[in-house]
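1. 3D model of this:
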Amino acid sequence: MEKRIYEIREENKMSQRTFAREVGISINTLIEAETGRRKLNDRQVTLVCNRFFINKSWLINGQGEKYKFNPKSLKYLRNWDQLVKM
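-> So this is what the prediction gives:
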């Protein structure tokens with residue numbers, strides 16, 4: 001799972017601090033998850049999946065499609081998320 005968490009963060013061009021804040025976990029939890037010293041619990045996995053539209057099975061064990069939606073649709077969903085925050 002650590003490689004997939006890192007992949008999501010890098011794909012979104014986020015620092016560890018920003019990613020942790022966006023998801024709602026501590027930066028220490030993220031660092032330990034990315035280095036394999038810790039596994040995210042179910043609640044934390046759900047937070048990552050919901051924030052970045054990731055398929056839970058893909059994040060946990062690498063099976064299935066990465067995204068819940070077509071990646072072309074993600075651009076519009078992310079923009080919508082930014083508009084909602086305004």
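2. list of residues touching stretch 23-38?
-> With contacts defined as CB atoms under 8 Å, 6 or more residues apart in numbering, stretch 23-38 is touched by 1-2, 5-6, 9, 16-17, 19-20, 39-40, 44, 47-48, 51. C-beta: built from backbone N, CA, C; applies to glycine.
3. at 10 Å what do you get?
-> When contacts are taken as CB atoms under 10 Å, 6 or more residues apart in numbering, the neighbours of stretch 23-38 outside the stretch itself are 1-9, 14-21, 39-41, 43-52.
4. could you flag which of those are buried?
-> Members of those that pass the buried threshold by neighbour count (16 or more other CB atoms under 10 Å) are listed as 1, 4-6, 8-9, 14, 19-20, 40, 44-45, 47-49, 52.
5. roughly how far does the spatially most central residue of the chain sit from Trp58?
-> Nearest to the geometric centre of the chain sits Val48, at 3.8 Å (CA atoms, centre = their mean). As for Val48, its distance to Trp58 is 11 Å (criterion: CB to CB, to the nearest Å).
6. which neighbours do these two share?
-> Any residue near both Val48 and Trp58 by CB under 10 Å, 6+ apart counts here, and that gives Met1, Arg4, Ile8.
7. how about those in JSON lines, adding secondary structure and distance to Leu30?
-> Rendered in JSON lines, the data for the shared contacts of Val48 and Trp58 read as follows (DSSP: H, G, I helix; E, B strand; the rest coil; distance: CB to CB, whole Å):
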{"residue": "Met1", "secondary structure": "coil", "distance to Leu30": "12"}
{"residue": "Arg4", "secondary structure": "helix", "distance to Leu30": "13"}
{"residue": "Ile8", "secondary structure": "helix", "distance to Leu30": "11"}
